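>>> The sequence isn't on hand, but the structure is:
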């Protein structure tokens, strides 16, 4: 069994279901390359009674032929190709019955691909579970799929034969940066905390993308090979990513590209205006699906009402690809880190990294159990503007005004910068009319440098330490 990085809660839940002593119907879903199949195979290893995966764009006959080959492998005998999925599920019943009281784990992977046009697969799956599987105490049926819209509409949110039939739904999120650091160490990739942060900002927490890294190369050389080489795998990944996740992939990729052009995010109304469409329920559903898949996140400007939800692109892979690869801004990564465009991107991406890991920051502040609202703040007045990267509005009558800085070394607080921070804090108090206590909080990669002006800082958050980099 290979080492499994992260996924502790998911592993415990799967083991709990395995030992429940009753029928279990578990749906695992998440974006392409996130490690769904790897998780199931790793947890159950040799405990699988049957496993098969759908094949992209294969016909029903081709899928059934694959079923027969898999059935022969697990039973050790010849299996004729079933005429339809009804016959295939009857064969599965026969196999499960041989387990008697022993737990039989059946894993059907890439369900959306098995449910090809006019295949009848979904109807037979419903019949299999509802008429037999739901009464079979030794059966644990696990289904999996990357097409989120298919999984949520046909299995998880189904209003037909499978409505409320699942015993557990399990969404796999990308790795957080601490898990990425753990993954790199486990593969003997010895990078600095800055390089690990940059790696996360370039490709995010998708395990498969991390598996493509060559430990003999530097981070920059890996980025060149994967993104800027014409045959680089992450250069060609983007086109297939949305097609594999969503039924109508065009609208999803359009919204992603629109949001990639602004670090501040857009409201539903603003997105509709860019698309030149109405802001009706269909657009809201698309945005919800993108949020559910961790492409987008919902934020609110400080002090604004709920209807002013801001949607922000938080998928690091998409942001990097659209910024530097698709638009052809750069020809390589190795020779351009000091480019002004790259420096601006680093600052913006690090800010996003902090937003994405807000639980780490709350833990470092000692407020994990305190209810909070996360937002940003921007002010445009007659005498100029001001902004605060991250505002943590706490239920305990405190507001953390967070300043986020990406620097390889400890960040130095100068007299001018200290004066700026104090003036901005008072401007925030005046404009928002808040009566809460205000704390200036610095969030950096390696902390702030000791000096005479650091007293203005209430909290110093060192991401290298709290994220285990």
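Structure received. Just so you know, these numbers come straight off a predicted model, no measurement behind them.
>>> So which bits of stretch 303-320 are buried?
309, 310, 311, 312, 313, 314, 315, 316, 317, 318, 319, 320 (16 or more other Cβ atoms under 10 Å). Just so you know, the C-beta spots here come from the backbone N, C-alpha and C atoms, and that holds for glycine as well.
>>> swap that for stretch 185-198, please
189, 191, 193, 194, 195, 196, 197, 198.
>>> How much space separates the closest residue to the fifth one other than its chain neighbours from residue 199?
Pointing back at residue 195 there. Once flanking residues are discounted, residue 195 sits nearest to residue 219: 4.9 Å by Cβ to Cβ, 6 or more residues apart in numbering. According to Cβ to Cβ, to the nearest Å, residue 219 and residue 199 sit 6 Å apart.
>>> Neighbour count for the two, which is higher?
residue 199 (24 against 20; other Cβ atoms under 10 Å).
>>> So the more buried one: helix, strand or coil?
Taking DSSP: H, G, I helix; E, B strand; the rest coil as the rule, one finds residue 199 in the helix state.
>>> quick one: it and residue 183 touch, right?
No: using Cβ atoms under 8 Å, residue 199 is not in contact with residue 183; the gap is 10.1 Å.
>>> hey, what's in contact with both of those two?
residue 210 (Cβ atoms under 8 Å, 6 or more residues apart in numbering).
>>> Helices along the stretch 101-250 of the chain, start to end?
Taking DSSP state H, counting those that start in this stretch, the helices of the stretch 101-250 of the chain run over residues 111-114, 121-131, 148-150, 177-186, 193-203, 207-211, 219-223, 233-245, 249-259.
>>> Settle this for me: residue 181 is touching residue 464, isn't it.
No: taking contacts as Cβ under 8 Å, residue 181 lies outside contact range of residue 464: 9.6 Å.
>>> Pick out whichever of those two has more residues nearby.
Neighbour count, other Cβ under 10 Å: between residue 181 and residue 464, residue 181 has more, with 23 against 17.
>>> Could you list the low-pLDDT ranges of the stretch 201-350 of the chain?
Scanning the stretch 201-350 of the chain for pLDDT under 70 picks out 279-280, 304-307, 337.
>>> Just put the helices of the stretch 101-250 of the chain in a markdown table and tack on distance to residue 73.
Formatted as a markdown table, these follow (distance: least, Cβ to Cβ, whole Å):
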| stretch | distance to residue 73 |
| --- | --- |
| helix 111-114 | 17 |
| helix 121-131 | 20 |
| helix 148-150 | 27 |
| helix 177-186 | 30 |
| helix 193-203 | 35 |
| helix 207-211 | 25 |
| helix 219-223 | 37 |
| helix 233-245 | 26 |
| helix 249-259 | 34 |
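>>> Relative to residue 35, which of those helices is closest?
Set against residue 35 and scored by Cβ to Cβ, those come closest in helix 207-211, at 4.4 Å.
>>> Does anything pack onto the closest one? Which helices or strands?
helix 177-186, helix 193-203 (3 or more Cβ pairs under 8 Å, 6 or more residues apart in numbering; DSSP states H and E).
>>> Of all the residues in that helix, which ones are buried?
207, 209, 210.
>>> Give me the contacts around it.
5, 33-35, 38, 175, 180, 183-184, 199, 203, 226, 234, 237, 317.
>>> can you rerun that using 6 Å?
33, 35, 183, 203 (Cβ atoms under 6 Å, 6 or more residues apart in numbering).
>>> what about the second one, neighbour count?
Counted with other Cβ under 10 Å, the burial measure for residue 35 works out to 24 neighbours.
>>> now residue 297, nearest residue through space, not along the chain?
According to Cβ to Cβ, 6+ apart, the nearest residue to residue 297 is residue 314 (4.6 Å).
>>> cool, residue 19 as well?
Nearest one to residue 19, counting by Cβ to Cβ, 6+ apart, is residue 103 at 8.0 Å.
>>> Relative to residue 75, how far out is that neighbour?
17 Å.
>>> Show me which of these two is the more surrounded one.
Between residue 103 and residue 75, residue 103 has the larger neighbour count (other Cβ under 10 Å), namely 18 against 15.
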